[in-house]
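Visitor: My questions concern the predicted model and sequence given below.
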Amino acid sequence: MGSDGENLKFKRETLLNYGMNRWGLNKAQSVGKTSELIRKCAPNSFEEWKSYYFNNATQKKRNGIKITREFIRDLGQKLYVKLSDVVQNELGSIQEEECIDYAYNLVLNRTYEGYRSEIETIYGQLESILGVKVQPAPDEWDRTFNVDFYIEVGEKFIGLQIKPISSGQALNQYQWIKMHEVNHEKYRNKFGGQVFFIYSVKSGKKKKIFNVEVIEEIRKEIETLKKD
């Protein structure tokens, strides 16, 4: 089995990795918490790590039975059976149209879904912070005024445009404001409220409002419209 201590490269590594992940053969329940184990071991050599692993790693799904070299070999055999039987059968039945549809869905549909999810997460945060109802704008408002959401204050409406940005992206608010200045002014003249840009950025697995100062600006606009 392989050369000890060397991180080998495999010609079909993408396929092998896919199989290991798909059937959970490398999960903690099968091979133990390897990241946690190696930190506890803090080895100075591969031999030290190998010895520590086989002496301490246990199978979570088998009531803590110790992991052996034979068990690792068995995992490899299971992987072979899965790839040579299940995956080969799936490859034999795949259709060209399915691949075309998948590529289209991945590039367009899934990207758009992620984008909308990020926007909806942000407006949910706004509702919680401001204590007001934030509603999706009608399609006509989106097309005519570039407004994604709105807040109703009496008979007037504050417009919101949410823009996801990359964490390392330079934020040029002036550019966005100038680009939509005319449409947003038309919105204000018609509905009485200003339009605010809200920029969202990923923070780990979550999304958060980047320009947090806009929250207070929106709050002030709400109070102003209530007085009018």
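Guide: Arrived safely, thanks for sending.

Visitor: And the residue nearest the centre of this structure?
Guide: Nearest to the mean C-alpha position of the chain, by C-alpha atoms, centre = their mean, lies residue 205 at 5.7 Å.

Visitor: Quick check: phi and psi at that one.
Guide: With angles defined as degrees, to the nearest 10, residue 205 sits at phi -90, psi 0.

Visitor: how close does it get to residue 105?
Guide: Residue 205 is 22 Å from residue 105, where distance means C-beta to C-beta, to the nearest Å. For every residue, glycine as well, the C-beta is placed using N, CA and C.

Visitor: Each with direction, which strands does the longest strand that the chain contains pair with?
Guide: Assignment by DSSP state E gives strand 192-203 as the longest strand of the chain. Next to strand 192-203 in the sheet, as set by DSSP bridges, lie strand 156-164 (parallel), strand 206-209 (antiparallel).

Visitor: For residue 35, which of these is the nearest?
Guide: Nearest to residue 35, of all the strands paired with strand 192-203, is strand 206-209, at 22.7 Å by C-beta to C-beta.

Visitor: export the closest one as CSV, just CAs?
Guide: The C-alpha trace of strand 206-209 is given here as CSV (Å, rounded to 0.1, in the frame of the first residue of the first chain):
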residue,chain,number,x,y,z
LYS,A,206,-23.0,33.9,6.4
LYS,A,207,-23.8,37.1,4.7
LYS,A,208,-23.8,40.5,6.4
ILE,A,209,-24.4,44.1,5.6
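
Visitor: Many thanks, we can stop here.
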